[in-house]
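[1] take a look and give me a structure for this.
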Amino acid sequence: MSIRQTVLDEIAAWCRKAGIAESTLGSRAVNDPNFVSRLRHENVTIARIERVRQYMYDHPPGAA
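    Sure thing, here's the model as predicted:
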């Protein structure tokens, strides 16, 4: 499995648990509602991927 697919799987699982759309995660984490689409179809920087991963870590689903 590619790193890209691993990150996409992590994002999909986090969004399911958090009950939000992937575009909402992109907006909140990197101010880009199209981030996940860009990750699927284009090259994105590792820094942006790490910002999204950090956001998911800092905001676990279900934490109030």
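[2] quick one: the residue nearest the centre of the chain and Ser23, what's the gap?
    With distances taken as Cα atoms, centre = their mean, the residue of the chain nearest its centroid is Ile11 (4.3 Å). As defined by Cβ to Cβ, to the nearest Å, Ile11 lies at a distance of 11 Å from Ser23. For the C-beta atoms, the positions are set from N, CA and C on the backbone; glycine is no exception.
[3] what do the two both touch?
    Val36 (Cβ atoms under 8 Å, 6 or more residues apart in numbering).
[4] skipping adjacent residues, who's closest to Val7 in space?
    Once flanking residues are discounted, Val7 sits nearest to Ile49: 5.7 Å by Cβ to Cβ, 6 or more residues apart in numbering.
[5] who touches Ala12 in this structure?
    Glu22.
[6] which stretches in this protein count as helices?
    3-18, 22-30, 35-41, 46-58 (DSSP state H).
[7] point out where the protein drops to low pLDDT.
    64 (pLDDT under 70).
[8] 90 instead, please
    Low-confidence segments of the chain (pLDDT under 90): 1-3, 43, 62-64.
[9] neighbours around Tyr57, how many?
    9 (other Cβ atoms under 10 Å).
[10] distance of it relative to Trp14?
    9 Å.
[11] again with Tyr55
    9 Å.
[12] more neighbours: these two, which one.
    The neighbour comparison of Tyr55 against Trp14 (other Cβ under 10 Å) goes to Trp14, with 20 against 15.
[13] surely that one touches Gly62?
    No: using Cβ atoms under 8 Å, Trp14 is not in contact with Gly62, being 11.0 Å away.
[14] pick the most buried one from the helices of the chain.
    Scoring the helices of the chain by mean neighbour count under mean count of other Cβ atoms under 10 Å gives helix 22-30 as the most buried, with a mean of 18.
[15] residues in contact with Asp32?
    With Cβ under 8 Å, 6+ apart, Asp32 has these contacts: 26, 38, 48.
[16] great, nothing more from me.
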